[in-house]
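Peer 1: Quick one: sequence plus predicted model below, questions after.
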Amino acid sequence: MCVAVQVGTLAVLPGCKGPRSTLDPSGPAGASIATLWWVMLVGAAVLFALVMVLFALVIRRPGWGSSVSPGRWIVFGGLVLPALVLLPLVAYALIAGEGLLPIPGHAAPRIEAVGRQWVWTFRYPDHGGVETRNVLHMPAGAPVDIFVTSQDVIHAFWIPRFAGKIDAVPGHVTRLRIQADQPGRYAGQCNEFCGLDHARMRFDVIVHRPEDFSAELARATASGESDRK
Ligand SMILES: [Cu+2]
């Protein structure tokens, strides 16, 4: 069994890497979410192990536990034990979630993301309102506020390695603060089922060095290379 667990673990680990892996973060919000995932996994594993120990004791020693009253089993096994594991996890999740929200009063460069079946259009108000299609350009090392909306049905804007997703709702504008640690090419996609081609509603994210961002954005829009079909 131990060998099977090890083989299973090795088989799963490659899934922790890749352009759409939330467990391979490349920004502070993504790192916070990845840490939360690992904390949740450890908490769930601890709870599972405790239940399995009790289960094994009951199977191997049928009389074991009869000295404890049913009321105590319910209180300690059904309330105290889950509370000891779940309450710290909930507290950690709430604190981590608060840390992902944009801080009021701290302005960040603004980029608008508009979803429609099945294309993402990005607009850069701080750079003359130029637009790119299915390719998001952003600078590295600093927060950027993405203002997200939709022209038809509900979509969701998601760059797995940077942050959690946020809904793109027709008639509403939602805001997501993201930050990329390093220049490079990343992957984003719609994360709300929005029709037949939902799975193909992907976009590229090109992160530039801050000093190169304006020039690279201008070059990309002038050449049309940002219009990924
Ligand atoms: Cu979609």
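Peer 2: Yep, it's here. It should be emphasised that the depicted structure is a prediction, and the values quoted were computed from it without experimental measurement. Numbers count the residues shown, from 1 in each chain.
Peer 1: Backbone dihedrals for the residue nearest the centre of the chain, please?
Peer 2: Central residue of the chain (C-alpha atoms, centre = their mean): Gly164, 3.3 Å from the mean position. The phi/psi pair for Gly164 (degrees, to the nearest 10) reads phi -80, psi 180.
Peer 1: any idea how far Pro25 is from it?
Peer 2: Distance of Gly164 to Pro25, given as C-beta to C-beta, to the nearest Å: 11 Å. Placement of C-beta: from N, CA and C, glycine included.
Peer 1: try Gly128
Peer 2: To Pro25, Gly128 is 32 Å away according to C-beta to C-beta.
Peer 1: The residue nearest to the centre of the chain against Trp158, yeah?
Peer 2: Yes: if you go by C-beta atoms under 8 Å, Gly164 and Trp158 touch, sitting 7.5 Å apart.
Peer 1: For the longest helix anywhere in the chain, give the mean pLDDT please.
Peer 2: In the chain, with assignment by DSSP state H, the single longest helix is helix 28-60. Regarding helix 28-60, the rounded mean pLDDT is 88.
Peer 1: next SSE after it?
Peer 2: Following helix 28-60 in sequence order, the next helix or strand is helix 70-72 (DSSP states H and E).
Peer 1: Quick one: list the elements packing against that following helix.
Peer 2: For helix 70-72, there is no helix or strand it packs on, judged by 3 or more C-beta pairs under 8 Å, 6 or more residues apart in numbering; DSSP states H and E.
Peer 1: can you give me how far that helix is from the chain middle?
Peer 2: In terms of C-alpha atoms, centre = their mean, to the nearest Å, the centre of helix 70-72 is found 41 Å from the chain centre.
Peer 1: Could you report the separation of the closest residue in space to Pro102 that isn't next to it in sequence from the ion?
Peer 2: Spatial nearest neighbour of Pro102, excluding adjacent residues (C-beta to C-beta, 6 or more residues apart in numbering): Arg177 at 4.1 Å. Applying C-beta to the ion, to the nearest Å, the value for Arg177 to the ion is 22 Å.
Peer 1: Phi, psi for Arg177 please.
Peer 2: The phi/psi pair for Arg177 (degrees, to the nearest 10) is phi -90, psi 120.
Peer 1: okay, now the domains of the protein?
Peer 2: Listed domain ranges for the chain are 20-99, 110-223 (source: automatic domain parsing).
Peer 1: Which residue ranges of the chain form helices?
Peer 2: Along the chain, counting by DSSP H, helices occupy 2-12, 28-60, 70-72, 81-99, 213-223.
Peer 1: how big is the angle separating the longest helix of the chain from helix 81-99?
Peer 2: Relative orientation of helix 28-60 versus helix 81-99 (axes from the mean of the first three to the mean of the last three C-alpha atoms, to 10 degrees): 170 degrees.
Peer 1: Tell me the gap between helix 28-60 and the middle of its chain.
Peer 2: The answer for helix 28-60 is 20 Å, by C-alpha atoms, centre = their mean.
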